[in-house]
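Asks: A structural model of the following input is requested.
(2 chains)
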Amino acid sequence: MMPELGKYAVEVISAYVVSVALLGGIVWASLREGARVRRELRSVEARRDRADG
Amino acid sequence: MQHKDSVPISRRMSLWEYANPKKFMQVSGAALPWVGGLAALCLAVGLIWGFFFTPDDFRQGSTVKIIYIHVPAALMGINAWLMMLVTSLIWLVRRHHVSALAAKAAAPVGLVMTVIALATGAIWGQPMWGTWWAWDPRLTSFLILGLFYLGYIALWAAIDNPDTAADLTSVLCLVGSVFALLSRYAVLFWNQGLHQGASLTVTQDNPISDIYYWPLITSISGFVLLFLTLVLVRTRTEIRRRRLQALLNRERMA
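Replies: This is a model prediction of the structure:
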């Protein structure tokens, strides 16, 4: 299945690995921070609702 | 057109409606699964097609496969900054908070795109030009753009007052735009570089052959959609963060 990359195999594979890792990193960081802030906001809103309620 | 004229001006759909955080959250929440799904699909198809199913170039060998990440990443590194320029100007002129937050949200994504373009460029340049790096006009302005991204992110983090931070980062964004544009156009008027001209043009006679063109277009679509997805996700986070801060401040006052 692996294509024949010849003498540039290291260059091509490392370019893909570095890029996919960096893209994966920013996606993961964005989702994790999004979930953290959403959780925190929900708990503060719940606290406010209880205080009002 | 007649029915449109019968709707009162205040009720017509306007782009500025999305500057309302509530409206933005509603629309972006509904759009996100689709945009994200399409991004994943285009990226997977474009990169797998490019990596596995395209032939080697007669001069560059298999290194030509790097084009499917290098060109889309470089394009997004530059265009992310131009998107930040537009949203910063909207903030400066119309004071829409969502606009400033969208610029803030885009910066780390643009930085990652710039780093990918620089890294894959170096990896590609080494076997083709015999060097990882050259102080070529296009490469140098792109590196400076990367440094501007770092400065921009640092400036947002350094200032406590969000409106002041938005003002100052907007001005920094205006200045940095010179380098975003230079990265794109330096190759046209600064003839001493190693880097070639554009790989794609909007005219009919493309410099690259069809066999590389379509997977490249698919990959570019994937990068654009991924950028859009991440900016939506991150802008939503920034809007929530601002609301969270407002609630915490109110609690403290009570």
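
Asks: Might one say that residue B:65 is in contact with residue B:51?
Replies: Yes - under the contact definition of Cβ atoms under 8 Å, residue B:65 touches residue B:51, with a separation of 5.7 Å. Any C-beta I mention is one placed from the backbone N, CA and C, and that applies to glycine too.

Asks: Spit out the residues that contact those two alike.
Replies: Common neighbours of residue B:65 and residue B:51, counting by Cβ atoms under 8 Å, 6 or more residues apart in numbering or on different chains, are A:12, A:16.

Asks: Compare those two and say which is more crowded by neighbours.
Replies: More neighbours sit around residue B:65 than around the other of residue B:65 and residue B:51, counting by other Cβ atoms under 10 Å in any protein chain shown; the figures are 29 against 22.

Asks: What residues does the more buried one make contact with?
Replies: Applying Cβ under 8 Å, 6+ apart, one finds that residue B:65 lies in contact with A:5, A:12, A:16, B:50, B:51, B:54.

Asks: how about the nearest residue to it, chain neighbours excluded?
Replies: Nearest residue to residue B:65 in three dimensions, chain neighbours excluded: residue A:12, at 5.1 Å (Cβ to Cβ, 6 or more residues apart in numbering or on different chains).

Asks: what's the answer for residue B:138, then?
Replies: Taking Cβ to Cβ, 6+ apart, and ignoring the residues beside it in sequence, residue B:138 has residue B:195 as its nearest neighbour in space, at 4.3 Å.

Asks: what's the answer for residue A:11, then?
Replies: Sequence neighbours aside, residue B:123 is the residue nearest to residue A:11 in space, at 5.2 Å (criterion: Cβ to Cβ, 6+ apart).

Asks: So that neighbour: helix, strand or coil?
Replies: For residue B:123, the reduced secondary structure class is helix; criterion used: DSSP: H, G, I helix; E, B strand; the rest coil.

Asks: number of nearby residues for it?
Replies: As a burial measure, residue B:123 scores 24 neighbours (other Cβ under 10 Å).

Asks: surely it meets residue A:14?
Replies: Yes - distance between residue B:123 and residue A:14: 5.9 Å, which falls inside the contact criterion (Cβ under 8 Å).

Asks: Give me every residue in chain A lying close to chain B.
Replies: Proximity of chain A to chain B is assessed by Cβ under 8 Å from any Cβ of the partner chain, with A:1, A:3-9, A:11-12, A:14-16, A:18-20, A:22-23, A:25-27, A:29-31, A:33-34, A:37-38, A:40-41, A:44-45, A:47-48 identified as the residues in range.

Asks: give me the number of residues near residue A:43?
Replies: Applying other Cβ under 10 Å, we find 11 residues neighbouring residue A:43.
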